[in-house]
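# Build me a model from this:
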Amino acid sequence: MLRDLAAREAPGLRIEVDSAGTAGYHIGAAPDPRSRRAALARGIDIGALRARQVVPEDFRRFDFLLAMDAANLRDLRAVAPAGASAQLRLLMDYAPQSGRLEVPDPYYGDERDFELVLDLVQTAARGFLASLPAAGR
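Numbering: from 1, shown residues only. Below you'll find the model as predicted:
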């Protein structure tokens, strides 16, 4: 969602977006079919993505590591190497108007739960992009 929004709404912004989990579950797997369907319905094809786990280099390579929930933020803080430069934040920090602190895990839910996640991520991604300094655009 962030990559798509940046390309459409801030085309001059130089940004690298990646996704990684804090646990080693599903490494190499494609996104959940329900996620793929929900994203594709919005014109975003995530089918080529593959799961990977956060690695120490991510804390130096990226300026921000944005977690979906407090547990993942704690996990990121626990594995951050000394001298890491990335800012660790909750994604929903960029969408205070949503009234939510975390993005819920839709895995055990139904299609509506995946739609909600995309709505929340889209709102927060817009807020994140708006928070970046104008000089970076």
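
# Output the below-cut-off pLDDT ranges for this structure.
134-137 (pLDDT under 70).

# Buried residues, the top helix by length along it. List them.
Longest helix of the chain, by residue count under DSSP state H: helix 111-131. Within helix 111-131, the residues that count as buried by 16 or more other C-beta atoms under 10 Å are 114-129. Yep, even glycine has a C-beta here, placed from its N, CA and C like the rest.

# helices or strands up against that helix?
helix 2-9, helix 33-41 (3 or more C-beta pairs under 8 Å, 6 or more residues apart in numbering; DSSP states H and E).

# at 10 Å instead, please
helix 2-9, helix 33-41, strand 64-67, strand 87-90 (3 or more C-beta pairs under 10 Å, 6 or more residues apart in numbering; DSSP states H and E).

# JSON lines please, covering the ones you listed and showing distance to Ala78 and mean neighbour count.
Converted to JSON lines, the helices and strands packed on helix 111-131 look like this (distance: least, C-beta to C-beta, whole Å; neighbours: other C-beta atoms under 10 Å):
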{"stretch": "helix 2-9", "distance to Ala78": "24", "mean neighbour count": "16"}
{"stretch": "helix 33-41", "distance to Ala78": "26", "mean neighbour count": "16"}
{"stretch": "strand 64-67", "distance to Ala78": "12", "mean neighbour count": "21"}
{"stretch": "strand 87-90", "distance to Ala78": "10", "mean neighbour count": "15"}
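
# now these as JSON lines including distance to Gly99?
Conversion of the helices and strands packed on helix 111-131 to JSON lines gives the following (distance: least, C-beta to C-beta, whole Å):
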{"stretch": "helix 2-9", "distance to Gly99": "21"}
{"stretch": "helix 33-41", "distance to Gly99": "22"}
{"stretch": "strand 64-67", "distance to Gly99": "18"}
{"stretch": "strand 87-90", "distance to Gly99": "14"}
